[in-house]
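1. What would the 3D arrangement of this be:
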Amino acid sequence: MEIMIDDLSGPEIAALLEEHLLGMSAESPPESVHALDLDRLRKPEITFWSVWEHGDLVGCGAIKDLGDKHAELKSMRTASAHLRKGVAKLLLAHIFEEARSRGFRRLSLETGSTAGFVPAHKLYESFGFRICGPFSDYAEDPYSVFMTKEL
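-> Sure, this is the predicted structure:
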């Protein structure tokens with residue numbers, strides 16, 4: 001698999017992000033969906049990666065610089081046809097390496113709280129993330145789980 005910084009211009013990434021937004025909306029009410037669309041991902045403080053295998057887009061993820069050596073993990077998604085192949089683990093390890101090389105000391109995330117997010121919780125816990133309170137502009141929400149890891 002090949003991981004590359006993505007400029008968010010290709011139809012494949014647009015389709016995967018649409019799948020991501022639909023998945024989030026199926027699990028959480030609209031006010032609790034914090035996934036970003038293409039336009040909101042195209043910000044200078046966000047670095048977005050795509051994962052490719054034999055010409056197929058298999059996953060994506062991003063980090064958002066929150067300042068003070070703190071970054072937020074955003075838009076982690078494995079394409080449905082490629083689940084349980086190690087895409088997310090590979091990408092998360094890459095993002096950790098990138099975050100450390102950029103001088104970040106903390107990586108945090110918001111994910112859903114419903115049963116559909118249990119695989120994500122297990123993945124993040126396996127990488128050392130622990131439950132925390134809301135960070136950045138987030139507020140307590142019964143549909144959100146906040147996690148953080150010191151790098």
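
2. make it CA atoms for all contacts and neighbour counts henceforth
-> Noted.

3. so D6 makes contact with W52?
-> No - D6 is beyond contact range of W52, at 10.8 Å (criterion: CA atoms under 8 Å).

4. In terms of secondary structure, what does the longest helix seen in the chain contact?
-> As assigned by DSSP state H, the longest helix anywhere in the chain is helix 11-27. Secondary-structure packing of helix 11-27 (3 or more CA pairs under 8 Å, 6 or more residues apart in numbering; DSSP states H and E): strand 56-67, strand 70-78.

5. ok and the longest one relative to strand 70-78, angle-wise?
-> Relative orientation of strand 56-67 with respect to strand 70-78: 160 degrees, computed using axes from the mean of the first three to the mean of the last three CA atoms, to 10 degrees.

6. buried ones in strand 56-67?
-> By 16 or more other CA atoms under 10 Å, the buried positions in strand 56-67 come out as L57, V58, G59, C60, G61, A62, I63, K64, D65, L66.

7. contacts for it?
-> 12-13, 16, 45-52, 71-79, 81-82, 87-88, 91, 95, 136 (CA atoms under 8 Å, 6 or more residues apart in numbering).

8. Just the buried residues out of these, in ChimeraX syntax.
-> Remark: buried members of the contacts of strand 56-67, expressed as a ChimeraX selection using 16+ other CA under 10 Å:
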select :13,16,46,47,48,49,50,51,52,71,72,73,74,75,76,77,78,79,87,88,91,95
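
9. quick one: the strands in this protein?
-> Under the criterion DSSP state E, the chain contains strands at 2-5, 46-53, 56-67, 70-78, 106-112, 130-132, 144-150.

10. now those strands in a markdown table, with distance to L123 and mean pLDDT?
-> Shown next, in a markdown table, are the strands of the chain (distance: least, CA to CA, whole Å; pLDDT from 0 to 100):
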| stretch | distance to L123 | mean pLDDT |
| --- | --- | --- |
| strand 2-5 | 19 | 97 |
| strand 46-53 | 17 | 98 |
| strand 56-67 | 14 | 97 |
| strand 70-78 | 11 | 96 |
| strand 106-112 | 12 | 97 |
| strand 130-132 | 11 | 98 |
| strand 144-150 | 12 | 97 |
